[in-house]
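Sequence first, then the predicted structure, then my questions.
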Amino acid sequence: MAASFSKPSLASSLLRLSEVRPAAWGSLSTSCKPVDDVLMGGFPYGSITTISGSHPPSRTLIALHTFSSHILSDPTTEAIWVDTTGNFPGETLKEIIFATSPSQEVATSLLERAKITRVFDLQGLVETIDEIRDDHRTRQRESNVVPDSEGESEDEEGDGGREVPYERTKRGVRLVVVDNVTLLYATMVNKSQLQGQAMLVEVLRSFAVLVKTYGIAVLLLNDTPHTTTPPDTPNFHPRFAFKHSTLPSVFADSSLRFLNGSTFSYGADLHILLSRHPYEPNEERYGRRGARSTVDEGTVFEIVADRIGGRTGRWTAFGILGNELVALS
């Protein structure tokens with residue numbers, strides 16, 4: 001009997017799958033239209049996104065607006081902010097939520113679905129990921145248990161009355177923000193470079209399973225130092241060579257480089273680089289509440305790598321007025 005072989009798949013099918021994946025779970029708005037346009041809708045669910053920059057307030061503020069947008073999107077969804085610095089901007093988040101909510105009662109209910117946890121090392125981050133996964137597994141088992149009366153009615157009505165699968169809903173924690181992952185990594189690397197790399201791989205793998213199974217959006221905030229020392233200079237120590245990734249900016253004068261090395265570079269799906277630049281027009285802008293002010297500096301939002309949506313090289317700029325993100329013309 002002749003052996004039969006399955007028909008091979010074309011490599012182009014892998015490209016089509018990568019293009020479809022972001023839309024399959026949907027996207028998460030940042031509340032800033034230029035940024036959402038560059039992202040083609042927002043940060044993708046079901047993906048790991050890094051937001052890197054040398055100006056912590058910019059990356060934290062865009063993460064806070066995304067956090068608020070997420071819990072506003074569905075009354076059953078939750079979000080968790082993993083604080084590694086001990087400086088969680090709770091008042092800022094409260095102001096953003098109250099400013100975007102239709103009423104104080106709604107804002108209060110939104111805050112109840114915002115979870116904050118303090119983590120001190122990479123092992124603690126892995127444990128947090130495990131807790132989120134276990135919570136989803138419990139919720140999924142409970143959603144699959146149908147009382148007898150409901151089961152009988154579903155049998156009579158047929159498949160048309162069945163609800164969508166649990167993993168396609170927004171129940172439970174569907175957004176995780178880590179602010180910031182650099183501190184955890186640096187603490188571990190200072191003890192052991194090898195152990196730090198191994199733990200970072202474990203964190204990224206754990207997140208990858210979580211996002212692919214439940215369509216969770218993960219935002220990892222990361223530091224980016226100004227790096228100008230080339231590897232061939234006498235002052236360059238090989239120990240730190242792995243810390244600077246090879247994800248270049250489209251702007252030739254940018255000296256920002258990613259920390260955490262190639263492991264971090266290849267472990268995430270979407271890499272965002274934020275950089276501050278003077279804003280010459282200095283035009284008056286109006287905030288959401290009508291407060292008039294000026295924008296002296298703009299933040300460039302640049303996609304430096306994207307392996308799921310083909311958006312590499314797209315960029316825009318936004319300004320900051322108080323706690324708001326505003327478009328720059």
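Here it is on my side, so go on. Since this is a predicted model, take the numbers as computed values, not measurements. Residues are numbered from 1 along each chain as shown.

pLDDT (mean, whole number) over stretch 276-291?
On average, the pLDDT along stretch 276-291 is 52.

for stretch 35-53, same thing?
Averaging pLDDT along stretch 35-53 yields 93.

Equivalent analysis for stretch 207-227, please.
Along stretch 207-227, the predicted local confidence has a mean pLDDT of 86.

May I see the buried residues of it?
Within stretch 207-227, the residues scored as buried using 16 or more other Cβ atoms under 10 Å are 207-208, 210-211, 214-224. For every residue, glycine as well, the C-beta is placed using N, CA and C.

So which of those residues belong to strands?
Among the buried residues of stretch 207-227, the subset assigned to strands under DSSP state E consists of 217-223.

Closest one of those residues to Gln123?
Distance ranking of these against Gln123, using Cβ to Cβ, places Leu220 first at 16.5 Å.

so where is this protein shaky, pLDDT-wise?
1-24, 145-163, 225-262, 278-297, 329 (pLDDT under 70).

related to what we said a few turns ago, what's the farthest-apart pair in the buried residues of stretch 207-227?
If you compare every pair in these using Cβ to Cβ, the most distant one turns out to be Tyr214 and Thr224, at 29.3 Å.

List the contacts of Leu183.
84-85 (Cβ atoms under 8 Å, 6 or more residues apart in numbering).

swap in Asp130?
When contacts are counted by Cβ under 8 Å, 6+ apart, Asp130 is found next to Ser206.

show me where the chain has strands.
27-28, 43-44, 47-53, 77-83, 114-118, 172-179, 217-223, 270-278, 284-286, 292-294, 297-306, 315-321, 324-327.

Just the buried residues of the longest one, please?
Spelled out, that is strand 297-306. Judged by neighbour count (16+ other Cβ under 10 Å), strand 297-306 contains these buried residues: 298-306.

Export those as TSV, with columns for distance to Leu183.
TSV is the format used below for those (distance: Cβ to Cβ, whole Å):
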residue	distance to Leu183
Gly298	27
Thr299	22
Val300	24
Phe301	23
Glu302	23
Ile303	24
Val304	22
Ala305	22
Asp306	26
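
returning to that earlier point: any chance of the strands of the chain in TSV with distance to Arg59 as columns?
Conversion of the strands of the chain to TSV gives the following (distance: least, Cβ to Cβ, whole Å):
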stretch	distance to Arg59
strand 27-28	16
strand 43-44	13
strand 47-53	5
strand 77-83	13
strand 114-118	18
strand 172-179	8
strand 217-223	5
strand 270-278	5
strand 284-286	21
strand 292-294	21
strand 297-306	9
strand 315-321	11
strand 324-327	12
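
Could you work out which of the ones you listed reaches nearest to Gln197?
Each of those was scored for nearness to Gln197 using Cβ to Cβ, and the closest is strand 217-223 (15.6 Å).

how near is the closest residue to Thr213 other than its chain neighbours to Leu28?
Leaving aside its sequence neighbours, Thr213 sits nearest to Glu167 (Cβ to Cβ, 6 or more residues apart in numbering; 6.5 Å). If you measure Glu167 against Leu28 using Cβ to Cβ, to the nearest Å, the figure is 17 Å.

between the two, which one's more packed in?
Leu28 (24 against 16; other Cβ atoms under 10 Å).

give the contact list for that one.
For Leu28, the set of contacting residues under the criterion of Cβ under 8 Å, 6+ apart consists of 42-45, 66, 69-70, 73, 175, 217.
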